[in-house]
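Enquirer: Predicted model follows, preceded by the sequence.
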Amino acid sequence: MTKNEAMKALSEEIFSCTGCQLCKKRKKAVPGEGSLMARIMFIGEGPGHDEDVTGRPFVGPAGQLLTKMLASIGLTREEVYICNIVKCRPPENRIPFSEEAEACLPFLRRQFAIIRPKIVVCLGATAARYIIDNDIRITRDRGKWYEKGGIPMIPTYHPSALLRDESKKKEAWEDLKQIKKRLEDITENE
Ligand code: URA
């Protein structure tokens with residue numbers, strides 16, 4: 001099976017998933033989007049209103065900021081992969097319950113296996129806790145590199161947090177610069 005076929009099959013499973021209660025209220029599940037050859041994967045928390053309506057990740061206000069953040073380090077949405085911990089919108093955008101995240105994580109693991117990114121960026125505490133370490137505190141641990149399964153991973157602020165508190169943007173920019181450098185280093189050493 002090609003990567004395309006594998007991701008298409010996985011997305012079909014996600015669209016029809018009834019593995020947790022979030023399926024009851026969703027309009028559309030949001031598998032993820034971007035390049036299947038992406039060297040870098042950005043993982044958020046879960047779809048919001050605009051994502052639920054369109055079936056696409058990070059297309060609302062936070063998504064527009066994410067697109068700008070990517071552009072600031074020379075990346076386009078088309079060349080990275082963007083997805084979430086949970087693929088269906090939690091009501092009122094609440095943080096997903098652990099049983100919802102646990103039910104959905106096998107999809108993310110399969111997305112990792114298809115894309116095999118060289119770097120993973122966790123946007124916000126929820127992604128960082130499920131992917132890197134449950135004890136992560138985003139204000140304390142953002143900008144630090146971790147390694148899981150041989151893949152460098154870094155937590156940074158979720159773009160929604162940056163929209164709520166502009167003063168965090170300076171630190172987010174430091175993180176983005178590090179991410180750019182790490183990506184360049186990996187590319188040079190290939
Ligand atoms: N917030 C997220 O965590 N993910 C999205 O897709 C949109 C907003």
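Expert: Right, received. Where do you want to start?
Enquirer: Find the centremost residue of the chain, please.
Expert: Note on the chain: the residue nearest the mean C-alpha position is Ile43, at 1.1 Å, using Cα atoms, centre = their mean.
Enquirer: For it, list the residues it contacts.
Expert: Ile43 is in contact with Cys83, Asn84, Ile85, Leu108, Val120, Val121, Cys122, Leu123, Ala127, Ile131, counting by Cβ atoms under 8 Å, 6 or more residues apart in numbering. No exception for glycine: its C-beta is placed from N, CA and C like everyone else's.
Enquirer: ditto for Ile40
Expert: Leu75, Val80, Tyr81, Pro117, Lys118, Ile119, Val120, Val121, Ile179, Leu183.
Enquirer: Give me the phi and psi angles of it.
Expert: Ile40 adopts backbone torsions of phi -140, psi 140, taken as degrees, to the nearest 10.
Enquirer: Next one, pLDDT for the residue nearest to Ile119 when sequence neighbours are not counted please.
Expert: In this structure, Ile119 finds its nearest non-sequential neighbour in Ile40, 4.6 Å apart by Cβ to Cβ, 6 or more residues apart in numbering. Per-residue confidence at Ile40 stands at 98 (pLDDT).
Enquirer: How much space separates Ile40 from the ligand?
Expert: 16 Å (Cβ to the nearest ligand atom, to the nearest Å).
Enquirer: Could you count how many residues lie near whichever residue of the chain sits closest to the ligand?
Expert: Relative to the ligand, the nearest point of the chain is Gly44 (2.8 Å; Cβ to the nearest ligand atom). The tally of other residues near Gly44 (other Cβ atoms under 10 Å) stands at 28.
Enquirer: This protein against the ligand: which residues are in contact?
Expert: 44-48, 51, 57-58, 60, 62-63, 84, 160 (Cβ under 6 Å from any ligand atom).
Enquirer: same thing but at 8 Å, please
Expert: By the rule Cβ under 8 Å from any ligand atom, the part of the chain lying against the ligand is 30, 44-48, 50-51, 56-60, 62-63, 82-85, 93, 123-124, 126-127, 158-160.
Enquirer: For PyMOL, what selects the buried ones among the residues you listed?
Expert: Filtering the residues of the chain next to the ligand down to the buried ones (16 or more other Cβ atoms under 10 Å) takes a single PyMOL command:
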select buried, resi 30+44+45+46+47+48+50+51+56+57+58+59+60+62+63+82+83+84+85+123+124+126+127+158+159+160
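Enquirer: Out of the residues of the chain next to the ligand, which sit inside helices?
Expert: The members of the residues of the chain next to the ligand that map onto helices under DSSP state H are Asp50, Glu51, Ala62, Gly63, Thr126, Ala127, Pro159, Ser160.
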